[in-house]
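>>> Next come a sequence and a model predicted from it.
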Amino acid sequence: MTPLTTTDRVDETLAYRHSGVTTRVLIIAFLVVPLNALFMCFLQGPRGLEGPTVVSLFYNVVFLLLLFTAVNALLRRFLPRAVFAPAELLSFFILLSVATCTSGQDTMNTTFGTIQGAFRFSTPENGWDRLFINYIPTTMTVNNEAALERLWRGDASLFDPENYRVWLGPMLRWWAFYSALWAAPAGLIVILRKRWIEREKMTFPVVQLPMEMAQPGVPAFRHPAFLVAVGLAASVNIINGLHSLYPQVPEIPVKLWQSQTNDIGRFFHAAGKPWNAIDWIYLCSYPFIIGLAILLPGELSLSLWFFYLFWKAEAIFCSWVGWLNMTPEFPYFKEQSFGGYIAMIAFSAWAARDHLALAWRRIIGRGSPSIDAEEPLSYRASALLFAIPFLYVVSVGISQRMATWVSVAFFVQYYLMSTIVGRIRAEMGLPTHELERLGPTVMQGNVLGPRLLGKQNITSLSVFFSFTRGIRNIPLPHQFEALFFQHKTGLNGKKLLIWSIVIIAFAQAWALFWMLFLGHRHGWGADWAPWWQWASQESWRQLAGWLGRNEGFNVGRCLASVIGFGVYFGLMFVRTRFIWWPLHPAGFALSTTWYMAHMWFPMFIAWALKGLVARYSHAKGMRILTAAAYGLILGDITTGGFWILYSMITRVNVYAFWP
């Protein structure tokens, strides 16, 4: 055997680093995960903020990647042989993004709120003990009144046997459940990878900035437009942060509710009916949202703000003709949006029918091995990776007293909605991909009702309301981005996908621990987020409403979904027939979310800027605008992150740049 030369060893080292998932990256990621989970739980608990996971680009991970990039610049100057390759930086970004999902708003806050809220807030006045308390499964919930009192009062220790013995069993079950729930989609994305990345050539706009940051020297950071944009965004945060400490410093209102003068809805309220049906409508101007919106396709940003105003106009019309709130939540904006989402995935599945047929043949052993030869996993292995966790979570649903058909339907819809989120993020790159109150608990409860589902099924569904409330911080889109990075940079997608599953379980354990540790120390009812009591009761108030109305199949809500499905397909038909048609049908489905109230005006600003630049400055101007977008995002995130860290250290509430 010929001995390796120095050049051969260098080549091997470089090839290893370009695979992305190196030992040193894994060590760094696993060391950072506990601190990241602590940051997330403290931010959303004692600090009382909603945190970074309500937007698609997690600002805590971007902040960490920026620090990593700065360290890499120093290594390049003083220790070139130790420099991290771009694939290593991107692997770190994926692993931390996936880990952050486990401690996000729609995971820790909603889960802990739900599993104890019914027992904590049951009173003779609300009648929950009569309505449903006896139907709540006990193996994944906590009903020990003394333990809950200590947790809500604070000044207690999780390590007290009276406390950890109460929580240990439910936490182990939730840990196993979440680990399986979020392992399954890794199999789905391998099957969809070739169609979405290679055939449809989705651009993954959300990760444009991280990919740019991973490049040697980060060329965009040297652009004058980038520096100017960083300065503008930083100035807003610095001034508003100083205002929160010293009120004599004037503020710059850019956030929802920061200033009533930003609410143009007040003019409609003053006009009386039907105009006051518009509710409030704020002109926000978050710098990093404007930056993210600039990176979106122009037709999508146009469609989002247009359809946001369309829903407002629909509310005015319904008020004018006397239809508004003729039944609860009429005219069913959420159900119309849900129909649009289902149409989106149906259209995508139909377009991919040939690919899916080939994949199925390969799964059952009849297709050519060349079909999945270049995939991170074979299609058969991918199908097993999905099927085994799927069967496990369905069995967990059954163990929580769901009927088998209800549990299967619940998790089929959950994974369907998760796939929709993955497609939205890959194709459109929205600043938020929240499917607020469109998950299986709410949709089955609203459409089928307790008379069809039965009291036990609808109560068990409410236990699982937590992770289906908004379906925002889920790992699937980030794991898909790992395969996109594989396609773009050649990193080892198989290895990164497997380690992302491992880090989910690791990070989930830390998130569960920190929530209980901080909760016992600070007290959920003392030094905790002011909305925590509401979050603990949301699922159970909703259940009480369903049981109180005792409705059966809701024809109106179902019809609204059918209308939404038809509108989406109609818009898609027009878009595919007429090139000049400016509206993207996805805007119809995506514009009903709560956070679109924050984002519609930044979308408008970005759309107007892109239109003007494209018209008068062409390609050169677009490059300048893209650099400015990166600057707005990083300037807002870094200075906003500074104020958050300052608040955590000093325990002084200061300006929060989001939400």
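Arrived safely, thanks for sending.

>>> hey, let's count contacts and neighbours off CA atoms from now on
Fine.

>>> Now do Trp580: how many residues are near it, please.
Neighbour count of Trp580, defined by other CA atoms under 10 Å: 9.

>>> before we move on, what about Ser122?
For Ser122, the count of nearby residues is 16 (other CA under 10 Å).

>>> List phi and psi for it.
Geometry field for Ser122 lists phi and psi as phi -70, psi 130, criterion degrees, to the nearest 10.

>>> which residues sit in contact with it?
Taking CA atoms under 8 Å, 6 or more residues apart in numbering, we find Ser122 in contact with 128-129.

>>> could you measure it against Ser382, distance?
44 Å (CA to CA, to the nearest Å).

>>> Ala426 - how many residues pack around it?
By other CA under 10 Å, the residues close to Ala426 number 24.

>>> Tell me the spacing between Ile289 and Met603.
For Ile289, the distance to Met603 - CA to CA - is 8 Å.

>>> contact partners of stretch 638-650?
Outside stretch 638-650, the residues touching it (CA under 8 Å, 6+ apart) are 42-43, 47, 60, 63, 234, 237-238, 241, 652-657.

>>> where are the low-confidence patches of the stretch 351-500 of the chain?
Confidence mapping of the stretch 351-500 of the chain against pLDDT under 70 gives zero matching residues.

>>> picking that back up, out of Ile289 and Met603, which sits in the more crowded spot?
Taking Ile289 and Met603 together and counting by other CA under 10 Å, Met603 has the greater number of neighbours (31 against 27).

>>> any idea which element the more buried one lies in?
Element membership for Met603 (DSSP states H and E) is helix 596-616.

>>> Which neighbouring elements make contact with that helix?
Packed against helix 596-616 by the contact rule (3 or more CA pairs under 8 Å, 6 or more residues apart in numbering; DSSP states H and E) you find helix 287-294, helix 298-320, helix 618-650.

>>> chain center to the longest one: distance?
Meaning helix 618-650. Here the centre of mass of C-alpha atoms in helix 618-650, compared against the chain's by CA atoms, centre = their mean, to the nearest Å, lies 20 Å away.

>>> With stretch 612-622 instead?
Going by CA atoms, centre = their mean, where stretch 612-622 is centred and where its chain is centred differ by 32 Å.

>>> quick one: Phe390 and Tyr414, what's the gap?
Where Tyr414 is concerned, Phe390 sits at a distance of 11 Å (CA to CA).

>>> repeat for Thr110
Taken as CA to CA, the span from Thr110 to Tyr414 is 16 Å.

>>> And for Met213?
As defined by CA to CA, Met213 lies at a distance of 33 Å from Tyr414.

>>> Show me which of the two is the more surrounded one.
Higher neighbour count among Met213 and Tyr414: Met213, with 24 against 20, using other CA under 10 Å.

>>> wait, the more buried one sits on Thr69?
Yes. At 7.0 Å, Met213 counts as touching Thr69 under the criterion of CA atoms under 8 Å.

>>> residue contacts, Asn446?
546, 554, 557.

>>> Most neighbours among these, please name it.
If you count neighbours using other CA under 10 Å, the busiest of the contacts of Asn446 is Arg557, which has 22 neighbours.

>>> which residues touch it?
Applying CA under 8 Å, 6+ apart as the definition, the contact partners of Arg557 turn out to be 332, 335, 446-447.

>>> between those, which is closest to Ala482?
Sorting the contacts of Arg557 by how near they are to Ala482, with CA to CA, puts Glu335 at the top with 32.3 Å.

>>> Name the helix or strand for that closest one, please.
Under the criterion of DSSP H and E, Glu335 resides in helix 333-351.

>>> Next, count neighbours for Ser91.
The burial metric for Ser91, expressed as a neighbour count using other CA under 10 Å, is 30.

>>> Check which helices and strands the helix or strand containing it sits against.
With the criterion set as DSSP H and E, the secondary-structure element containing Ser91 is helix 86-101. Here helix 86-101 is seen to pack against helix 6-18, helix 23-44, helix 59-78, helix 208-213, helix 476-489, helix 493-522 when contacts are counted using 3+ CA pairs under 8 Å, 6+ apart.

>>> same for the last one, what does it pack against?
The contact analysis (3+ CA pairs under 8 Å, 6+ apart) places helix 493-522 against helix 23-44, helix 86-101, helix 145-153, helix 161-181, helix 476-489.

>>> Would you mind finding the most buried of the ones you listed?
Comparing those by mean neighbour count (mean count of other CA atoms under 10 Å), helix 86-101 ranks first with a mean of 26.

>>> to the chain's geometric centre, what's the distance from that one?
The gap between the average C-alpha position of helix 86-101 and the chain average comes to 16 Å, counting by CA atoms, centre = their mean.

>>> okay, that helix in PDB with CA atoms only?
Taking C-alpha atoms only, helix 86-101 is exported to PDB below (Å, rounded to 0.1, in the frame of the first residue of the first chain):
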ATOM      1  CA  PRO A  86     -18.800  26.600   4.300                       C
ATOM      2  CA  ALA A  87     -20.400  23.200   4.600                       C
ATOM      3  CA  GLU A  88     -19.500  23.000   8.300                       C
ATOM      4  CA  LEU A  89     -21.100  26.400   9.000                       C
ATOM      5  CA  LEU A  90     -24.300  25.400   7.100                       C
ATOM      6  CA  SER A  91     -24.400  22.100   9.000                       C
ATOM      7  CA  PHE A  92     -24.100  24.000  12.300                       C
ATOM      8  CA  PHE A  93     -26.900  26.200  11.100                       C
ATOM      9  CA  ILE A  94     -29.200  23.300  10.400                       C
ATOM     10  CA  LEU A  95     -28.500  21.400  13.600                       C
ATOM     11  CA  LEU A  96     -29.100  24.500  15.800                       C
ATOM     12  CA  SER A  97     -32.300  25.400  13.800                       C
ATOM     13  CA  VAL A  98     -33.700  21.900  14.400                       C
ATOM     14  CA  ALA A  99     -32.700  22.000  18.000                       C
ATOM     15  CA  THR A 100     -34.400  25.400  18.500                       C
ATOM     16  CA  CYS A 101     -37.700  23.900  17.200                       C
END
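
>>> Give me the mean pLDDT for that helix.
Helix 86-101 carries an average pLDDT of 96.

>>> same deal with stretch 238-246?
Within the predicted structure, the mean pLDDT of stretch 238-246 is 94.

>>> and what of stretch 575-593?
Regarding stretch 575-593, the rounded mean pLDDT is 89.

>>> what comes up buried for that stretch?
Residues of stretch 575-593 classed as buried by neighbour count (16 or more other CA atoms under 10 Å): 575, 583-593.

>>> Could you list the residues in contact with it?
Contacts of stretch 575-593 (CA under 8 Å, 6+ apart): 299-300, 302-308, 311, 333-334, 336-341, 344, 433-436, 564, 568-569, 571-572, 574.
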